[in-house]
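Participant: I need the structure of the sequence given here:
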Amino acid sequence: GVDPGGALARALPVGRVLGGVAHVGSRVEAPGVVRLMKQDRMLYGDPSGGNAALLADLVGALQAGGIPAEAVADIRMEVWLKLWGNSNMNPLSALSRADMQAMLEDDGVRGLVEAMMREMAAIGARIGLPIGQSIPDRLVVTRRLGAFRTSMLQDLEAGRRLELGPVLGCLVDLARHLGEPAP
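Facilitator: Have a look, this model is predicted:
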């Protein structure tokens, strides 16, 4: 974790706030304490493109504390790409209790994944976040990872509650608002 009285607190004076998105693999244990859970890095960015100095201070303090942090130019795109890949595969793997290799080998499941990814790509284009990667190319990358169990399937197997509503509900609401087909 990060000590609230340590490098992070010194780098970010009280009263200065930088918005952020925490991946589900990290958790806030107490004010100012974030624990990194099994990720290889944490991404930080400001959707407005501002606060570059504050962002650099934050990332520098995290790196100084041994946390693999990285500043990215467009955090919105990073979040959207993560949703694009996971909003379909994660729920489907939990519902089918299948690993990714089994899902992609099944023509019906793979077809559903591809259809959901097309819908998500259309939504992304409408909100100014074009995917920039073809669905077949993304699935090639996923296939290279082998027979892994998605995080949602792992949560299900561990008896943890699944949060399908936030993952899928926000996408359906956004699609309806934009007049796009909902996944």
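Participant: Let's verify the spatially most central residue of the chain: helix, strand, or coil?
Facilitator: Closest residue to the average C-alpha location of the chain: Lys82 at 4.0 Å, with C-alpha atoms, centre = their mean. The local conformation at Lys82, judged by DSSP: H, G, I helix; E, B strand; the rest coil, is helix.
Participant: Now do the SS call for the residue lying closest to Ser151 once chain neighbours are set aside.
Facilitator: Distances taken as C-beta to C-beta, 6 or more residues apart in numbering place Asn90 nearest to Ser151, at 6.5 Å, with adjacent residues excluded. For every residue, glycine as well, the C-beta is placed using N, CA and C. Put simply, Asn90 is helix when judged by three-state DSSP.
Participant: how about the strands of the chain, start to end?
Facilitator: For the chain, the strands defined by DSSP state E occupy 26-30, 33-36, 42-44, 69-71.
Participant: Near Leu81, how many other residues are there?
Facilitator: Each residue near Leu81 was counted by other C-beta atoms under 10 Å, and the total is 17.
Participant: actually Ala61, not the one I wrote
Facilitator: 19.
Participant: And it, how close does it get to Ile67?
Facilitator: When C-beta to C-beta, to the nearest Å is applied, the distance between Ala61 and Ile67 equals 9 Å.
Participant: where in the protein is pLDDT low?
Facilitator: 1-41, 49, 165-167, 182-183 (pLDDT under 70).
Participant: Distance-wise, check Leu55 relative to Asp106.
Facilitator: Leu55 sits 43 Å away from Asp106 when distances are taken as C-beta to C-beta.
Participant: Look at these two and report which has more neighbours.
Facilitator: A side-by-side neighbour count of Leu55 and Asp106, using other C-beta under 10 Å, places Leu55 first with 19 against 14.
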